[in-house]
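Novice: Below: sequence and its predicted model.
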Amino acid sequence: MFVALIDEGSITEQKVERQDEVTLGSSPTWLPQTHNLLYIAEDRTQRPLLQVSEVGNGEQGKTTEIIASDLICWDYSIAKETNELVAIISTSIALAKVVRVTDDPNTVVLIANPNAHISAWNLPSVQTVSWEGKDGTIIEAVLELPPGYESTDGPLPMYVNLHGGPTSAEVCELEISMYGRGLLSSNGWAVFSPNYRGSTGYGDKFLTDLIGRENDIEVQDILAGVDAMIERGIADPNLLAVGGWSNGGYLTNCLIAATDRFKAASSGAGVFDQTMQWAIEDTPGHVVNYAQGLPWTAAEELRAMSPIFQADNITTPTIIHVGAGDARVPAEQSKALYRSLYDYLDVPTQLVIYPGTGHGLSKMSHRKAKIEWDRAWLDRWVLEIQEVSEEEVDQQ
């Protein structure tokens, strides 16, 4: 993070140190009539609003919380006339609401709650869990458990939900998403969302450790986390599933090529071949950012990053989702995965292509379809619940 200092026509830059190497979750903003900078920080599984005081002349003061870590800050605005701060926050037990910030970082004043209707819902519990990666690095995840779950209830079916990016992170908040959070965990599943190597909010080295090691170090992080959840009695090792979108879809492809421990998978807009991805995506720099070379200078590395070359190991029943107009991870990647599984490997699979959409599913009908497809797929292959036809119902 840098600020520009302008003095009588000369411009100098000053680097502003980020406390604990947090990731910026927003653009920094000057607090009016001060030399204090505000920004939302991605800090592990939290998103506090921070203030850096007295920035300028090569110096900076203390960094303090304006909104504390337990209150997940998504956006904020400064009132022009009064300098009051208004923010959008969520917590581990409440969806987003609009609040006024006070002098106490742990206290806010409610302005509007558009999600008040969920107060009567049975909602999952949300917590942060951690474990050691293979190299001793501490890795974290957001773990959701069904309403009222107690450890004495025994192990649960567990869905491993993989975020995109990879420069992104799962946050310890109540979330209801087509990717599984809040939905599966309200219906008897544990939902495990790991912040694997390359995720934001854990310092610069945690991010850069992924360079040259895709389909390697982050896969190890995830599998070590699954092992930890089994050892702690949370996950049933015989009832595991995995899924994600974008980079999460890519990692789903990597995981099902690396192990047969998952009973079902949902691969959304995921890369299957990194060299093909370099050639056809809209931002080829994304591949170059993590590979240490180009296809003709780092061929073996790109091959190692590509689950297509371990596809003959895949036995996991896999449903595949992609937008027909996806420019970021073009549908050819998903079609290649489907062709491999369906035409050559005899692995149960379905390919769902959403018309008129790109890298994300923005239409309600598409999101609803994905939720229903995924739930039916998990019911069939993990819980072994067979659908009953109308004819069978009539016979009963």
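Specialist: That came through, no problem.
Novice: For the protein, which segments are assigned as helices?
Specialist: 204-208, 217-231, 247-258, 274-280, 285-290, 299-304, 331-339, 364-381, 390-395 (DSSP state H).
Novice: Does anything pack onto the third one? Which helices or strands?
Specialist: Taking 3 or more CB pairs under 8 Å, 6 or more residues apart in numbering; DSSP states H and E as the contact definition, the neighbouring helices and strands of helix 247-258 are strand 156-162, helix 217-231, strand 235-245, strand 264-268, strand 318-323. For the C-beta atoms, the positions are set from N, CA and C on the backbone; glycine is no exception.
Novice: Map the structural domains onto the sequence of this protein.
Specialist: What automatic domain parsing lists as the domains of the chain is 2-118, 121-381.
Novice: Deepest in the core, which of those domains is it.
Specialist: Compared across the domains of the chain, domain 121-381 shows the largest average neighbour count, a mean of 20 (mean count of other CB atoms under 10 Å).
Novice: pLDDT weak spots in this protein?
Specialist: Where the chain drops to pLDDT under 70, the residues are 387-396.
Novice: So which residue is dead centre in it?
Specialist: The centroid of the chain falls nearest to His163 when counting by CA atoms, centre = their mean (2.4 Å).
Novice: Distance of that one relative to Asn106?
Specialist: 27 Å (CB to CB, to the nearest Å).
Novice: How about Ser199: what's its closest non-neighbour residue?
Specialist: The spatial neighbour of Ser199 that comes closest, neighbours along the chain excluded (CB to CB, 6 or more residues apart in numbering), is Ala169 at 4.6 Å.
Novice: Was I right to think the one you found contacts Thr45?
Specialist: Yes. Ala169 lies in contact with Thr45 (CB atoms under 8 Å); the separation is 7.0 Å.
Novice: which neighbours do those two share?
Specialist: Taking CB atoms under 8 Å, 6 or more residues apart in numbering as the contact rule, Ala169 and Thr45 both touch 195, 201.
Novice: if we compare the helices and strands packed on helix 247-258, which one ends up closest to Leu95?
Specialist: With respect to Leu95, and counting by CB to CB, the nearest of these is strand 156-162 at 17.8 Å.
Novice: so what strands line up beside that closest one?
Specialist: Applying DSSP bridges to the sheet, strand 156-162 is found paired with strand 190-195 (parallel), strand 235-245 (parallel).
Novice: Same list (those strands) but as a markdown table, adding distance to His359.
Specialist: Formatted as a markdown table, the strands paired with strand 156-162 follow (distance: least, CB to CB, whole Å):
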| stretch | distance to His359 |
| --- | --- |
| strand 190-195 | 20 |
| strand 235-245 | 9 |
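Novice: Out of those strands, flag the one nearest Glu13.
Specialist: Of the strands paired with strand 156-162, nearest to Glu13 by CB to CB is strand 190-195, at 31.2 Å.
Novice: what is the orientation angle of the closest one with helix 247-258?
Specialist: Angle, strand 190-195 to helix 247-258, by axes from the mean of the first three to the mean of the last three CA atoms, to 10 degrees: 110 degrees.
Novice: so what's Gly25 up against?
Specialist: Neighbour list for Gly25: 39-42, 47, 73 [criterion: CB under 8 Å, 6+ apart].
Novice: Could you report the separation of it from Gln46?
Specialist: 10 Å.
Novice: Kindly report the same for Val329.
Specialist: Distance of Val329 to Gln46, given as CB to CB: 29 Å.
Novice: cool, Cys73 as well?
Specialist: 9 Å.
Novice: same check, this time on Asp221
Specialist: Distance from Asp221 to Gln46, by CB to CB: 19 Å.
Novice: what's the closest non-adjacent residue to Ala94?
Specialist: Leu174 is the one closest to Ala94 (CB to CB, 6+ apart), at 6.0 Å.
Novice: again with Ala41
Specialist: Among residues not flanking Ala41 along the chain, Val22 sits closest, at 3.9 Å (CB to CB, 6+ apart).
Novice: Ramachandran coordinates for that neighbour?
Specialist: phi -60, psi 160 (degrees, to the nearest 10).
Novice: Let me see the contact set for it.
Specialist: Contacts of Val22 (CB under 8 Å, 6+ apart): 41-43, 50, 201.
Novice: give the contact list for the residue nearest to Ser199.
Specialist: Shown in contact with Ala169 (CB under 8 Å, 6+ apart): 23, 42, 44-45, 163, 195, 199-202.
Novice: Can you tell me which of these end up in strands?
Specialist: Judged by DSSP state E, these include 23, 42, 195 as members of strands.
Novice: Looks like Pro147 contacts Leu123 (just checking).
Specialist: Yes. Using CB under 8 Å, Pro147 is in contact with Leu123, at 6.1 Å.
Novice: list the residues that contact both of those two?
Specialist: Here Pro147 and Leu123 share the contacting residues Ser186, scored by CB under 8 Å, 6+ apart.
Novice: so how far is Lys62 from Phe2?
Specialist: From Phe2 to Lys62 the distance is 19 Å (CB to CB).
Novice: Looking at the contacts of Gly25, spot the one nearest Asn57.
Specialist: Among the contacts of Gly25, Tyr39 lies closest to Asn57 (CB to CB), at 19.9 Å.
Novice: list the contacts for the nearest residue to Gly212 once chain neighbours are set aside?
Specialist: Excluding the flanking residues, the one nearest Gly212 by CB to CB, 6+ apart is Gln292, at 4.6 Å. Neighbouring residues of Gln292 by CB under 8 Å, 6+ apart: 211-212, 298, 301.
Novice: ok, the nearest residue to Glu54 once chain neighbours are set aside - contacts?
Specialist: What sits nearest to Glu54 in space, not counting adjacent residues and going by CB to CB, 6+ apart, is Gly61, at 3.9 Å. Each residue near Gly61 by CB under 8 Å, 6+ apart is listed here: 52-55.
Novice: Restricting to C-alpha, output stretch 220-233 in CSV.
Specialist: Provided in CSV are the C-alpha atoms of stretch 220-233 (Å, rounded to 0.1, in the frame of the first residue of the first chain):
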residue,chain,number,x,y,z
GLN,A,220,-1.7,-31.3,0.5
ASP,A,221,-3.1,-28.5,2.7
ILE,A,222,-6.7,-29.5,1.9
LEU,A,223,-6.1,-33.3,2.4
ALA,A,224,-4.4,-32.7,5.7
GLY,A,225,-7.4,-30.6,6.8
VAL,A,226,-9.8,-33.4,5.8
ASP,A,227,-7.6,-35.9,7.9
ALA,A,228,-7.8,-33.5,10.9
MET,A,229,-11.6,-33.3,10.7
ILE,A,230,-11.8,-37.1,10.6
GLU,A,231,-9.4,-37.5,13.5
ARG,A,232,-11.6,-35.0,15.5
GLY,A,233,-14.7,-37.0,14.9
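Novice: Kind regards, and thank you for your time.
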